[in-house]
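Engineer: Below is the sequence, then the predicted model.
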Amino acid sequence: LLLFSFLQVFPSQDPLDRADFNAVEYINTLFPTEQSLANIDEVVNKIRLKIRRLDDNIRTVVRGQTNVGQDGRQALEEAQKAIQQLFGKIKDIKDKAEKSEQMVKEITRDIKQLDHAKRHLTTSITTLNHLHMLAGGVDSLEAMTRRRQYGEVANLLQGVVNVLEHFNKYMGIPQIRQLSERVKAAQNELGQQILADFEEAFPSQGTKRPGGPSNVLRDACLVANVLDPRIKQEIIKKFIKQHLSEYLVLFQENQDVAWLDKIDRRYAWIKRQLVDYEEKYGRMFPQEWCMTERIAVDFCHVTRTELAKIMRTRAKEIEVKLLLFAIQRTTNFEGLLAKRFSGCTLADGTVKKPEVALPSTNPFLEDETGTETDEIVIEKSDIDKPKKPKVPDNPFHGIVSKCFEPHLYVYIESQDKNLSELIDRFVADFKAQGPPKPNVDEGGAVLPSCADLFVYYKKCMVQCSQLSTGEPMIALTTIFQKYLREYAWKILSGNLPKTTSSSGGLTITSLLKEKEGSEVAKFTLEELCLICSILSTAEYCLATTQQLEEKLKEKVDASLVERINLTGEMDTFSIVISNSIQLLVQDLDAACDPALTAMSKMQWQNVEHVGDQSPYVTSVILHIKQNVPIIRDNLASTRKYFTQFCIKFANSFIPKFINHLFKCKPISMVGAEQLLLDTHSLKMVLLDLPSIGSQVVRKAPASYTKIVVKGMTRAEMILKVVMAPHEPPVVFVDNYIKLLADCSTDTFQKILDMKGLKRSEQSSMLDLFRQRLPAPPSGVENSSSLSLSAPTPEQESSRIRKLEKLIKKRL
């Protein structure tokens, strides 16, 4: 192991050192030929010399290991001695460091005492200076207060208060406490004196105001900034109250100018007063007091209270136009305040700060700064255009207009009445003008009444959001929901053409002998266009209602968002869309019924040769070519609903075709081949249904193609089973299971009826069919050995290929 480890570290090229050393190979290497044996003695001598050298090396190593233990013990003793010496040196260094530290402390002890003395002395001198300043300042403050020298007092008082803060920790000393009490007494005296001066200058019951502000009062306001904030608030309160006293007299509840029709006079009065204040008293109060804004804000609070009181008293006299007039003038005034003031004094919480609206792609988001008479138009093409929301920036919104909110029921009732009249007008206009005229080139037209409805909705929503974002918005939403449903039922569903129970007046004989173009669909061209127009209108209403819901949620208060839900109305429009599609499907489906009936009545056992497609196929294709292009062109703007129409028609027509196929009995081999040709023709027409008759060929949707291929392939498989010989029965049953994968005995019974088998033969076939059903798929493969007497699959596929060639040639 030691040698192996050594070789890993120091690899050797000597063959003797290899782990897999082979002596025979090594000798053969030394003596590759017989001639090389001539120097065998020389090789042997070299090997013996190498062996002796190895023995000497091993002997030297072994002898050297005998002294290792003794040398190790000696080295350990020497290391221990060195450690003891090092420990001793460290101890000496530590002792010397302690002595040095003690020496430094003794040297600096006196210096520290001097530093402490200096610090205490400096503090004492500073405190004495502050005390001297405080004592002198208090004396000067009391003297200036008596002389009403407010200009000097303003600066001195602030300094005295600042100096007094340094003595907070010395309040236990009687002299300091006495000075503090004198300062407080001087502050109280100043406050009472300044209030008295303002009361004298602006008496509450005064007949006239003085001509202008005095310098004494201006300086007194500077002193009030330093005093208790309550002094400042009292000054502001009394001044504003005296300033608005004339307003309360002029616009008392019993005055004519107090009613809503003269609300402009209120706002004109405050504008004059603010201008008068700026001229006379603008410099008397400090700018940071924002006295102009405070006067305007208090005026708004008083006006809101007075208007609310008078509207409660004369609620029966409030009309919609009068209410909207008052609200409009009030919101304009609030907007004017927002332009003039910052709203920094609105600290009472009566007015909410507006939140920044999030970006939205809602089509209802437009410029909402217009008045109630502004025209707002919503174009259908604007539905998907993203628009930036208007960020509200009016902190004064609602400061006065909030008083109108309890009376907005008048506005809501008016909108209810107006919308009712609007819906009635839509109904009358539709009856008078009739359905929209066909416009194949531009696709189905949206009824203009729906745009008018949502234009009115937008106008109402904007107005109401300017009036209130609370409960009135919820009430307006309820009104919107009511008339959205009425529009859906009265205008849309109410004008859908009614289906009749007649079969179109076509008989089997006339259907078989009909010429191309002789059939007429149950719905006229105008009726088809009307259905498509109603479908397009319902789709537009569905999308716009969803956007209306989003916009209402943006406008209303956050706490009321959950109460806005237009899902029921959107479901109503979805029902209209579904009914419209179903009408289109039923119309085309019913038009094809006589042709399918004629197919099931034909004598298929008497068909002698395979020819062109049968007359019933021509009839079905004719109806498809008549209806589908009209529907597609009129639903050009709503392609997804045209796809739904195609899918629903395929899901309705194909099962009905298969059911009529089962009624074709009995069928000969040639008749089955003719039916297979007809089925393939119908399959190709159905696959081409979405773009039939169109100059622009589009690939049919994959979902639709899958349905057609699956359904018509089943019909083809049924005919292939009918074409297959029923002898031997086992092969026939297995082929049926393989082709149709249908375990229903009813379907198998129908296949037997189509082949025209007798009841006795059918009974044995059914028994065999039931026996073969549980068999695994491998049983189908095993039964291939029994089909020797029957046509081989290659022969059957050859016949099918001939039919396909014939179909392509005919097409």
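Structural biologist: That came through fine.

Engineer: number of nearby residues for the closest residue to residue 31 other than its chain neighbours?
Structural biologist: Leaving aside its sequence neighbours, residue 31 sits nearest to residue 37 (CB to CB, 6 or more residues apart in numbering; 5.6 Å). (Each C-beta comes from the backbone N, C-alpha and C, glycine too.) Residues lying near residue 37 (other CB atoms under 10 Å) number 11.

Engineer: Just the buried residues of stretch 237-252, please?
Structural biologist: Of all the residues in stretch 237-252, those buried under the rule 16 or more other CB atoms under 10 Å are 238-240, 242-244, 247, 251.

Engineer: same check, this time on stretch 223-235
Structural biologist: 223-224, 226-227, 231-232, 234-235.

Engineer: TSV please, covering these and showing pLDDT and secondary structure.
Structural biologist: Output for these, formatted as TSV (pLDDT from 0 to 100; DSSP: H, G, I helix; E, B strand; the rest coil):
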residue	pLDDT	secondary structure
223	71	helix
224	71	helix
226	69	helix
227	73	coil
231	75	helix
232	77	helix
234	80	helix
235	78	helix
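
Engineer: what's the most distant pair in the residues you listed?
Structural biologist: Maximum pairwise distance among these (CB to CB): 15.0 Å, between 226 and 234.

Engineer: pull the longest helix from this structure.
Structural biologist: For the chain, the helix that runs over the most residues, judged by DSSP state H, is helix 68-147.

Engineer: What is that one packed up against?
Structural biologist: helix 150-164, helix 174-201 (3 or more CB pairs under 8 Å, 6 or more residues apart in numbering; DSSP states H and E).

Engineer: Would you mind checking which of these scores lowest on average pLDDT?
Structural biologist: Mean pLDDT across the helices and strands packed on helix 68-147 is lowest at helix 150-164; the value there is a mean of 66.

Engineer: for the stretch 201-350 of the chain, what spans make up the helices?
Structural biologist: Taking DSSP state H, counting those that start in this stretch as the test, the helices found in the stretch 201-350 of the chain are 215-226, 229-250, 263-281, 291-313, 320-340.

Engineer: hey, least reliable of the ones you listed by pLDDT?
Structural biologist: helix 215-226 (a mean of 72).

Engineer: distance between that one and the chain's centre?
Structural biologist: With CA atoms, centre = their mean, to the nearest Å as the basis, helix 215-226 stands 57 Å off its chain's centre.

Engineer: Then stretch 62-80?
Structural biologist: That offset, for stretch 62-80, works out to 84 Å (CA atoms, centre = their mean).

Engineer: for stretch 613-629, same thing?
Structural biologist: 47 Å.

Engineer: sorry, back to before: nearest to residue 657 among the buried residues of stretch 223-235?
Structural biologist: Distances from residue 657 to the buried residues of stretch 223-235, taken by CB to CB, are shortest for residue 232, at 92.6 Å.

Engineer: The closest residue to that closest one other than its chain neighbours and residue 181, how far apart?
Structural biologist: Spatial nearest neighbour of residue 232, chain neighbours left out: residue 224 (4.7 Å); criterion: CB to CB, 6+ apart. For residue 224, the distance to residue 181 (CB to CB, to the nearest Å) stands at 21 Å.

Engineer: got it, and residue 766?
Structural biologist: For residue 766, the distance to residue 181 (CB to CB) stands at 120 Å.

Engineer: More neighbours: which of the two?
Structural biologist: The residue with more neighbours, out of residue 766 and residue 181, is residue 766; 15 against 10, by other CB under 10 Å.

Engineer: Next, the contact list for the more buried one, please.
Structural biologist: Contacts for residue 766 (CB atoms under 8 Å, 6 or more residues apart in numbering) come out as 745, 748-749, 752.

Engineer: now it, what's its secondary structure?
Structural biologist: Counting by DSSP: H, G, I helix; E, B strand; the rest coil, the backbone at residue 766 sits in helix.

Engineer: Could you count how many residues lie near residue 558?
Structural biologist: Neighbour count for residue 558, taken as other CB under 10 Å: 9.

Engineer: er, residue 707 I mean
Structural biologist: By the criterion of other CB under 10 Å, residue 707 has 19 neighbours.

Engineer: Which secondary structure element is home to it?
Structural biologist: According to DSSP states H and E, residue 707 maps onto helix 702-723.

Engineer: Next SSE downstream of the helix or strand of the chain with the lowest mean pLDDT?
Structural biologist: Least confident helix or strand of the chain, by mean pLDDT, DSSP states H and E, is helix 508-512 with a mean of 35. Sequence order places helix 525-555 as the next helix or strand after helix 508-512, per DSSP H and E.

Engineer: Who are the contact partners of the nearest residue to residue 460 once chain neighbours are set aside?
Structural biologist: Counting by CB to CB, 6+ apart, residue 460 lies nearest to residue 415, which is 5.3 Å off, once chain neighbours are set aside. Residue 415 makes contacts with 460, 476, 479, as judged by CB under 8 Å, 6+ apart.

Engineer: can you count the residues close to the closest residue to the second one other than its chain neighbours?
Structural biologist: Excluding its sequence neighbours, the residue lying closest to residue 476 (CB to CB, 6+ apart) is residue 464, at 4.9 Å. Using other CB under 10 Å, the number of residues around residue 464 comes to 23.
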